[in-house]
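Q: Sequence and predicted model, in that order:
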Amino acid sequence: ASRWIMKKFAFLAVLLLSVGVADAASRIKDITSIKGLRDNQLIGYGLVMGLQATGDSLRNSPFTDQSIRSMLDRLGVNVEAGSVKSKNVAAVVVTAILPPFVGKGERIDVTVSSIGDASSLAGGQLVMTPLLAADGEAYAVAQGPISISGFAASGAAEKLSEGVATAGRIANGALIERELEGDFNALTSIVLQIRNPDFATAVGISDKINAYSKAKFGVAIAAEQD
């Protein structure tokens, strides 16, 4: 057990070491990733409210009308089909990246993209939207005001647009509700994957780790694999 703890401690420490490659030095943590630890993609469907008549036309986007009525019904408001005429709402797809080791209660950024015929999401507010992973489980809930980098304006004689006004981001817009199960502490060995594979780099990393571990513990703990 003590030898296993020693190896884990040494591994975490050497991630901060530098390895020299072609007269240039890089930190090991900057040029490698840990095999088995990866980001996970999240996706959700939601509504953006508060638009200034730039939202979906409900005749051309029936899913938006259905979503509005479903949301109001859950809130105790009964609305008949076809009675909603507002253009202040847009249906959107919300996406996010869930990094490894993110804990419950932490926040991540989200991207919001229109899927109807809305002309702009400027000034809109995303309402509570569950974000699902590939296993169908909700891992986060997104909500908040949207920031966009584009705009569109039109007058009697000319139209002007720059960037994309129908997509935007919400910084720290999703709250983590479920943690991904990780088995890092159960690993008997740790494999570093080089982002730009090169055998000379692998040898250099192995040598650097072993130089550190030999100086600290008197034993080599790393070996190049491929």
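A: Great, that's in hand. Residues are numbered from 1 along each chain as shown.
Q: average pLDDT across stretch 149-163?
A: The predicted model assigns stretch 149-163 a mean pLDDT of 66.
Q: Name the residues of stretch 43-59 that come out as buried.
A: 44, 46-49, 51, 54-56, 58 (16 or more other CB atoms under 10 Å). Heads up, the C-betas are built off the backbone N, CA and C, glycines and all.
Q: Can you tell me what sits against that stretch?
A: For stretch 43-59, the surrounding residues in contact (CB atoms under 8 Å, 6 or more residues apart in numbering) are 64-65, 67-68, 71, 84-96, 112, 114, 116-132, 142, 146.
Q: Next up, the contacts around the residue at minimal distance from the centre of the chain.
A: The residue lying closest to the centre of the chain (CA atoms, centre = their mean) is residue 97, at 1.6 Å. Applying CB under 8 Å, 6+ apart, we find residue 97 in contact with 39-42, 108.
Q: State the pair within those residues that is farthest apart.
A: Spanning the widest gap among these are 41 and 108, at 11.6 Å by CB to CB.
Q: And these two? Which one has more around it.
A: residue 108 (21 against 12; other CB atoms under 10 Å).
Q: my read is the more buried one is in a strand, agree?
A: Yes - according to DSSP: H, G, I helix; E, B strand; the rest coil, residue 108 belongs to a strand.
Q: Across the sheet, point out what pairs with it.
A: The partner list for residue 108 in beta bridges (DSSP bridges) reads residue 174.
Q: In the protein, which helix is the longest?
A: helix 199-217 (DSSP state H).
Q: and that one, what does it pack onto?
A: In terms of contacts (3 or more CB pairs under 8 Å, 6 or more residues apart in numbering; DSSP states H and E), helix 199-217 is packed against helix 2-14, strand 18-21, helix 28-31, strand 192-194.
Q: I'd like the average pLDDT over that helix.
A: Rounded mean pLDDT across helix 199-217 is 90.
Q: follow-up on the earlier one: so which of the contacts of residue 97 sit within strands?
A: Counting by DSSP state E, the part of the contacts of residue 97 found in strands is 40-42, 108.
Q: Closest one to residue 189 out of those residues, please.
A: Nearest member of the ones in strands among the contacts of residue 97 to residue 189, counting by CB to CB, is residue 40, at 23.2 Å.
Q: so what's the residue nearest to the closest one when sequence neighbours are not counted up against?
A: Residue nearest to residue 40 in three dimensions, not counting chain neighbours: residue 98, with 4.4 Å by CB to CB, 6 or more residues apart in numbering. Counting by CB under 8 Å, 6+ apart, residue 98 touches 39-42, 108, 133, 139-140, 176, 180.
Q: Tell me the one of the residues you listed nearest residue 207?
A: residue 39 (29.6 Å).
Q: Pop out the phi and psi values for the closest one.
A: Dihedral pair for residue 39: phi -70, psi 160, per degrees, to the nearest 10.
Q: Show the pLDDT at it.
A: Taking residue 39 on its own, its pLDDT is 87.
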